[in-house]
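Enquirer: Here is a sequence together with a model predicted from it:
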Amino acid sequence: MDEWRYLLAGGSSAPDKVPNPASKWLTERAWFEILNLSVLPKFTEFAKDFPNHADGFRTVFDSVDPHREQYPGRWKEELDSFQRMLVLRCLRVDKVTNAMQDFVADNLGQRFIEPQAADLGAVFRDSSPTIPLIFVLSVGTDPAASLYKFADEMNFSRKLSAISLGQGQGPRAEELMQQAMDRGRWVFFQNCHLSPSWMPALERLIENIDKDRVHRDFRLWLTSMPSPKFPVPILQNSSKMSIEPPRGIKANLMRSYVGFSQDFLEDCSKAPVFKALLLSLCLFHGITLERRKFGALGFNIPYEFTEGDLAICISQLKMFLDEYRDIPFKVLTYTAGHINYGGRVTDDWDRRCLMNILHDFYDPGVLKGSHSFSPSGIYHQFPGETEYMVYVDYIKDLPINDTPEIFGLHENANITFAQNETFSLLNGLLTMQPKTGGGKGRSREEVVSEVANGILEKICDPLNLPAIMKKYPVLYEESMNTVLLQEVIRYNRLLATVKRTLRDMLKALKGLVVMSAELEKMLNSLFINAVPDLWAGKAYPSLKPLASWVTDLLQRLDFIQGWVDNGIPTVFWISGFFFPQAFLTGTLQNYARREVISIDTISFDFEVMRAPASSFKERPKSGCLIHGLFLEGARWSAEDHGLAESRPKELYTDMPVMWLKPAENRVAPKTGFYECPVYKTLQRAGTLSTTGHSTNYVVAVEIPSSKPQHYWIKQGVALLCALNY
């Protein structure tokens, strides 16, 4: 059970710090996981033995298929296939999903990992008039065409009544169902999730179907997105089919071009231009959909762009080409980027990304027959006289799996995608775990009790606020005092909550107090190495698992305590702030008050420093020095003093010390930099605030770069205050 729990949730206690023996290639995250792994009985000597076989494990780390590599030394013989996955979780978490597929195939059979084709005929044969057939939808899917085709095959196309549920459609749907039960027809209720108020009525109608009186040909077909409002009894007593959308640019292009024809391509006064821009537009649509799989590297928020967005763009493209003498790229870009697709975009940085991508596809350059949409030339343009079937054959020959180059992303983006897939799978398994202990190993209560006591030993008492207020009084000349007091208040509130809830839970485990629903949730969270909601509600944004979250909290408290004991820091650890925006505002306020100018006219100038944080002994006269940021999507090159391409398998790199210098009426440079957003967590998305930015957003900084901005924008480059480990 302990090994199974480690696979799903990782280690639940922070290990003792031991230097990374292979820092040139082994990430700090991987070494931290290896130290955590040593808690398990089978792996007590693993961390100690690791340096002896570092070269062998590097072979595993660098391998294309690390889940099939042999482990060095005694670990080749001593570990079974499941235990090998635990080591893989440490070294290459992006390949854990592949290892799990091999494990299932070896123990259950190959068919359990292969996708099964949807066979409506087989589902129909197992159905009856009293058992509904439900299509469980996902974004971008519509099974209506498949059902209509199946109805035609069954000679029921004229006996199929369909209705899209929504406001006011309930009575009409009820009437259709009653008629169908009497006459032996099929009824098709689409989008049940859009009519939650009518779901109890639907449940009642299905319960009241009399199997002795209903016509034997009657069938009820339903479609619904996953919804908490959908009646559970209907789900339990129905045949369910899950519908997945096409995945990959090839599948999206094919879905688009299946709806076209040679006549459609020629039905425009500027047919050669229309063909070229149509391919370009369909590629843009596929890219905007598929960028979502890369998480925040693609878009901060996973927008649900639809076929309708593409259809209206195609309609406008044809209309504008017919009406304008010249090709109206400005109009086409505005309608597609700001209205049809941009109308769904709520994050300013996502809008910047979308418009930069669109610029590559709505541009005079794409009209050339030799134009290539990707560096490799796999995705390319065709001459204007190309016929419809040539496009279709070209799409059929495209690779099934997309490479990051077509998205403008680095190869590392595939690792990010695979890691997201792994963690999504493990989190799904976690949510399905039973809440009671079973099998061998310690009980759930024993594990949680040990974790809780360990945290209580490490967490300090709340800081002495009155003493700090006396030492750092509110001063007009020094806004940093106010910033410190606000931070202490927030951290004290969090510390008090953590200590109180842990003590209450330990009492509840002993039966001294009642185990409330909140404490029960907290117990479950501690067991699966997750931060309890009771704490997260009082804490700063964080994606770290519990063990790392506790370590991070202790480091933050050390930063605040160091400030209290030693005075205002020379270099600020910006990741240690509860609310970094207040710190930045305080810096501007200090400058405005000293220079006696309006704070509204001041903004930051930026300089990346060459010296490490430890070399600075005095605060700058204006502004502040900050460190502790991480770059995602690129790295900082000390040699070139600018942004550079990430190294293979290096997802995040440290950003050097930055000097934020307040300046009055500053005009930003036109070139030579990348305007890089700073976020609190890897997720980037947050709640949209009144400023138009996410609550996860901190500030935008200018980083020197020899490449144009749009290059880094498409790579999704951002600075982060904290990682997820």
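Expert: Good, I have the coordinates. Residues are numbered from 1 along each chain as shown.
Enquirer: Let me know whether Pro200 touches Val232 as I believe.
Expert: No: Pro200 lies out of contact with Val232 (CB atoms under 8 Å); the separation is 11.8 Å. From N, CA and C alone the C-beta is placed, and that goes for glycine too.
Enquirer: What residues does Lys318 make contact with?
Expert: Counting by CB atoms under 8 Å, 6 or more residues apart in numbering, Lys318 touches Asp267, Cys268, Phe274.
Enquirer: likewise Asp267?
Expert: Here Asp267 is in contact with Lys318 (criterion: CB under 8 Å, 6+ apart).
Enquirer: quick revisit: now intersect the contacts of Lys318 with the strands, please.
Expert: In strands, defined here by DSSP state E, there are no members of these.
Enquirer: Can I get those in a markdown table including pLDDT and distance to Val701?
Expert: Shown next, in a markdown table, are these (pLDDT from 0 to 100; distance: CB to CB, whole Å):
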| residue | pLDDT | distance to Val701 |
| --- | --- | --- |
| Asp267 | 85 | 50 |
| Cys268 | 85 | 46 |
| Phe274 | 88 | 43 |
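Enquirer: of these, closest to Lys661?
Expert: Within the contacts of Lys318, the smallest distance to Lys661 is 51.5 Å, found for Phe274 (CB to CB).
Enquirer: picking up where we left off before, and of the contacts of Lys318, the nearest to Asp62?
Expert: Once CB to CB is applied, the member of the contacts of Lys318 that ends up nearest Asp62 is Phe274, at 48.0 Å.
Enquirer: Excluding sequence neighbours, find me the nearest residue to that closest one.
Expert: Distances taken as CB to CB, 6 or more residues apart in numbering place Cys268 nearest to Phe274, at 4.0 Å, with adjacent residues excluded.
Enquirer: Would you mind measuring from the one you found to Tyr362?
Expert: Per CB to CB, to the nearest Å, Cys268 is found 16 Å from Tyr362.
Enquirer: okay, those two: which has more neighbours?
Expert: Tyr362 (24 against 18; other CB atoms under 10 Å).
Enquirer: Pretty sure Glu304 sits against Arg344.
Expert: Yes: when contacts are counted by CB under 8 Å, Glu304 is listed as touching Arg344 (7.1 Å).
Enquirer: higher neighbour count, those two?
Expert: Arg344 (15 against 11).
Enquirer: Tell me how far the more buried one lies from Asn300.
Expert: In terms of CB to CB, Arg344 sits 13 Å off from Asn300.
Enquirer: In this protein, where's the longest helix?
Expert: For the chain, the helix that runs over the most residues, judged by DSSP state H, is helix 479-509.
Enquirer: immediately after it, which helix or strand?
Expert: helix 517-527 (DSSP states H and E).
Enquirer: For that following helix, buried residues please.
Expert: Leu519, Met522, Leu523, Asn524, Ser525, Leu526, Phe527 (16 or more other CB atoms under 10 Å).
Enquirer: measure the second one to Ala536 for me?
Expert: What it means is Met522. Where Ala536 is concerned, Met522 sits at a distance of 11 Å (CB to CB).
Enquirer: which ones are touching the spatially most central residue of the chain?
Expert: Centroid-nearest residue in the chain, with CA atoms, centre = their mean: Gly295, separated by 3.7 Å. With contact taken as CB under 8 Å, 6+ apart, Gly295 is in contact with Thr416, Phe417, Asn420.
Enquirer: please redo it, this time with the cut-off set to 7 Å
Expert: When contacts are counted by CB atoms under 7 Å, 6 or more residues apart in numbering, Gly295 touches Thr416, Asn420.
Enquirer: Also Glu446?
Expert: Taking CB under 7 Å, 6+ apart, one finds nothing in contact with Glu446.
Enquirer: Okay, and it sits in which element?
Expert: Judged by DSSP H and E, Glu446 forms part of helix 444-458.
Enquirer: downstream neighbour of that helix in the secondary structure list?
Expert: helix 465-471.
Enquirer: what comes up buried for that following helix?
Expert: Per 16+ other CB under 10 Å, helix 465-471 contains these buried residues: Ile468.
Enquirer: how about the CA coordinates for that helix, as PDB?
Expert: Only the C-alpha atoms of helix 465-471 are listed here, as PDB (Å, rounded to 0.1, in the frame of the first residue of the first chain):
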ATOM      1  CA  LEU A 465       3.300  41.200  15.600                       C
ATOM      2  CA  PRO A 466       3.400  43.900  18.400                       C
ATOM      3  CA  ALA A 467       7.200  43.700  18.700                       C
ATOM      4  CA  ILE A 468       7.600  43.900  14.900                       C
ATOM      5  CA  MET A 469       5.200  46.900  14.700                       C
ATOM      6  CA  LYS A 470       7.400  48.600  17.300                       C
ATOM      7  CA  LYS A 471      10.600  47.900  15.400                       C
END
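Enquirer: mean confidence for it?
Expert: Per-region confidence: helix 465-471 scores 90 on mean pLDDT.
Enquirer: which strands and helices sit next to it?
Expert: Counting contacts by 3 or more CB pairs under 7 Å, 6 or more residues apart in numbering; DSSP states H and E, helix 465-471 packs against helix 479-509.
Enquirer: if we can go back for a sec, spit out the contact partners of the residue nearest to Phe274.
Expert: Phe274, Lys318, Leu321, Asp322.
Enquirer: Would you mind checking the residues you listed for buried ones?
Expert: Phe274, Lys318, Leu321.
Enquirer: In the chain, where is pLDDT below threshold?
Expert: 1, 12-16, 114-118, 139-141, 244-246, 434-442, 688-694 (pLDDT under 70).
Enquirer: Give me the distance between the two termini of stretch 584-604.
Expert: With CA to CA, to the nearest Å as the measure, the first residue of stretch 584-604 is 9 Å from its last.
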